[in-house]
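> please work out how this folds:
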Amino acid sequence: MLKIATYNIHRCIGRDGRYQPERIAEVLQAVDADVVALQEVEMFHEHPGLLDVLTSGTDWRALHDVTLRRESGHYGNAVLTRLPVLSMTRVDLAWRGREPRGALVLRLDTGTGALGFVATHLGLRPVERRDQVRKLLAAIDDLRLESGDDEPVVLAGDLNEWLLWGRPLRWLHRRFQPAPSPATWPSGRPVFSLDRIWVSPRAWLADIYVHDDPLARVASDHRPLVARLSAPGQP
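Got it, this is the predicted structure:
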């Protein structure tokens, strides 16, 4: 059984307005996933050791994808993984005039085979999300060419998509088949399913749930979304 998670950490600034990476680290350790997609990861110049804090005392390796360099620090996505990395590529999802976005495309060694893993954070406007999903699906096609159709592929991240009838979700459902999408935002009382995890083949997905504890309700404005994967026919 593999555990996958996605978590928008909101630059480690909680609902109380306090910057506390240690709270995010505690939530992540409670989730205890094998692979985690993180969004809104900012390496503030005053606190450059954020990923060291998040991985301290764990067996996670941190992979950082900087999408935006600004005065306060380097901002983007990250993946924490305890699985060995077989390959990694970055997909540029930038849309003109909007905040730069990206995706990390990984192949990971599970010990019994490889797992494709795509971690992303999409834009706020429907037109940019449509373009970004097209690019993601093309990247997944490339991953399939490298790995074959039998290798499981996971897409995880903050999709910023609340339009259930929108084309991006319809395209992703066609590729992955629909999966449960419990609400994760806002963390105090979640209403919207902005964070998503899809798995193909769908038979690998055992269940999906939102991690809920008192700290997860305040450490970020999102709660972590967690999925458990199991090879078909295995408990």
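> run through who's touching the helix or strand harbouring Asp52.
Asp52 belongs to helix 50-55 when assigned by DSSP states H and E. Helix 50-55 has contacts (CB atoms under 8 Å, 6 or more residues apart in numbering) with 12, 21-22, 24-25, 28, 38, 41-44, 60-62, 64, 78, 80. All C-beta spots, glycine's among them, are computed from the backbone N, C-alpha and C.
> mind listing what's buried in it?
Leu50, Leu51, Leu54, Thr55 (16 or more other CB atoms under 10 Å).
> ok, stretch 48-68 next?
Using 16+ other CB under 10 Å as the test for burial, stretch 48-68 gives Leu50, Leu51, Leu54, Thr55, Trp60, Ala62, Leu63, Asp65, Val66, Thr67.
> could I get the average pLDDT for that stretch?
For stretch 48-68, mean pLDDT rounds to 93.
> any regions of this structure where pLDDT drops low?
Low-confidence segments of the chain (pLDDT under 70): 148-149, 233, 235.
> where is the longest helix in it?
helix 126-147 (DSSP state H).
> so which residues make contact with that one?
Contacts with helix 126-147, where a contact means CB under 8 Å, 6+ apart, come from 87, 89, 91-93, 95, 98, 101, 103, 105, 107, 114, 116, 118, 120, 122-123, 151, 153, 155, 159-161, 163, 166-168, 171-172, 175.
> make a PyMOL selection of whichever of those turn out to be buried.
In PyMOL, this line selects whichever of these come out buried by 16+ other CB under 10 Å:
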select buried, resi 91+93+95+101+103+105+107+114+116+118+120+122+123+151+153+155+159+160+161+168+172+175
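> residue boundaries of the strands in this structure?
For the chain, the strands defined by DSSP state E occupy 2-8, 35-44, 61-69, 73-81, 85-92, 102-109, 114-121, 153-158, 195-200, 205-210, 225-229.
> reformat those strands as a markdown table; add distance to Arg129.
A markdown table is the format used below for the strands of the chain (distance: least, CB to CB, whole Å):
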| stretch | distance to Arg129 |
| --- | --- |
| strand 2-8 | 15 |
| strand 35-44 | 14 |
| strand 61-69 | 15 |
| strand 73-81 | 16 |
| strand 85-92 | 14 |
| strand 102-109 | 13 |
| strand 114-121 | 11 |
| strand 153-158 | 11 |
| strand 195-200 | 12 |
| strand 205-210 | 21 |
| strand 225-229 | 18 |
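> looking at those, which is nearest to Arg189?
Nearest to Arg189 among the strands of the chain is strand 205-210; the distance by CB to CB comes to 11.9 Å.
> walk me through which strands that closest one pairs with, and which way each runs.
strand 225-229 (antiparallel) (DSSP bridges).
> quick check: angle from the partner strand to strand 195-200?
On the basis of axes from the mean of the first three to the mean of the last three CA atoms, to 10 degrees, strand 225-229 is oriented at 20 degrees to strand 195-200.
> thought Glu151 was touching Ala114, still the case?
Yes - with contact defined as CB atoms under 8 Å, Ala114 reaches Glu151; the gap is 5.4 Å.
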